[in-house]
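Asker: how would this look folded up:
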Amino acid sequence: MKKIYAGDMTRLEFAERIKEAKCVIVTAGSCEQHGYHMALDTDNVLGHHMAMEAAKRCDAIVMPNINYGQVWSARKFPGSISLSNDTLKAVLKEIILSLESFGAKNILLLAGHNGNGQAMKDVARELVNTHDLHNVWYYTQTFSKELKGVLESPIPCNCVHAGEMETSMMLCVRPDLVDLSKAEKDFPELPAAAKYRPISWDEYITVGSYGDPSLATEEKGKLFLDAIIDEVVHLINDIM
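Answerer: The predicted structure follows:
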């Protein structure tokens, strides 16, 4: 059986796999607060899980995760370590160029933390302009209207951070990093000014999570994860 995770490969195994694999997946998560009930590593755990599960169904390999990301909105909560978009873009660009030099056919930037999405899109555009690279793709998590119907609580501010959805996914992947006894509801209203200027989360939320994470279940988490992983598999197998 071919290895999937690049971190487990020797240099010779990697040299062979990267040239034959259809895609190399680079995940970028975050070190970020996730309310009172979940670990700072949540986005890294989920992003790596999604990449590995997708790679099992594709001709793809998964690189070690980037464990820090752009978390400007949550930067004032303890544990949130935020990179600027420029810093994240520089890291992504140098990783991509290294992978290109080893013969990568396609490179997928997968956001374990959706706040990294803009940097991923920007670096892909810039590499088209500067290096004529058209094989860099990006993906941020989405969920359909049908899956929204699975949630029992509203999605305040259109944000699922550390709420019922994300907590459910962690219960499916790493339940040991979830303590539902500490979960608290928070249904903030987005300030009107947020449409016109940057506003930190600490200006209008206290818990650090959105919605009601106490309603999370492993079963819901599997539905959400399956939908995301299916979309990544479709991108690699059918679009690339």
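Asker: now residue 136, nearest residue through space, not along the chain?
Answerer: Leaving aside its sequence neighbours, residue 136 sits nearest to residue 124 (C-beta to C-beta, 6 or more residues apart in numbering; 4.4 Å). All C-beta spots, glycine's among them, are computed from the backbone N, C-alpha and C.
Asker: list the contacts for the one you found?
Answerer: Residues near residue 124 by C-beta atoms under 8 Å, 6 or more residues apart in numbering: 109, 136-138.
Asker: Next, the contact list for residue 167, please.
Answerer: 37-38, 178, 180, 183, 209, 213, 216, 221 are the contacts of residue 167 under C-beta under 8 Å, 6+ apart.
Asker: Spatially nearest residue to residue 121, not counting backbone neighbours?
Answerer: Per C-beta to C-beta, 6+ apart, closest to residue 121 is residue 138, 5.6 Å.
Asker: List the contacts of the one you found.
Answerer: 108-111, 117, 120-121, 124.
Asker: which residues does residue 139 bridge with?
Answerer: Going by DSSP bridges, residue 139 is paired in beta bridges with residue 110.
Asker: isn't it right next to residue 234, touching?
Answerer: No - using C-beta atoms under 8 Å, residue 139 is not in contact with residue 234; the gap is 10.4 Å.
Asker: The two: who's more crowded?
Answerer: residue 139 (21 against 13; other C-beta atoms under 10 Å).
Asker: Inside helices: which ones of the contacts of residue 167?
Answerer: Using DSSP state H, the subset of the contacts of residue 167 located in helices is residue 221.
Asker: what residue lies at the spatial centre of this protein?
Answerer: residue 112 (1.1 Å; C-alpha atoms, centre = their mean).
Asker: Which strand or helix spans the closest residue to that residue other than its chain neighbours?
Answerer: Take residue 112 and drop its neighbours on the chain: the residue closest to it by C-beta to C-beta, 6+ apart is residue 47, 1.9 Å away. If you go by DSSP states H and E, residue 47 is part of helix 42-55.
Asker: Tell me the helix or strand right after that helix.
Answerer: Following helix 42-55 in sequence, per DSSP H and E, is strand 60-62.
Asker: Show me what that following strand packs onto, helices and strands only.
Answerer: helix 11-20, strand 23-28, helix 42-55 (3 or more C-beta pairs under 8 Å, 6 or more residues apart in numbering; DSSP states H and E).
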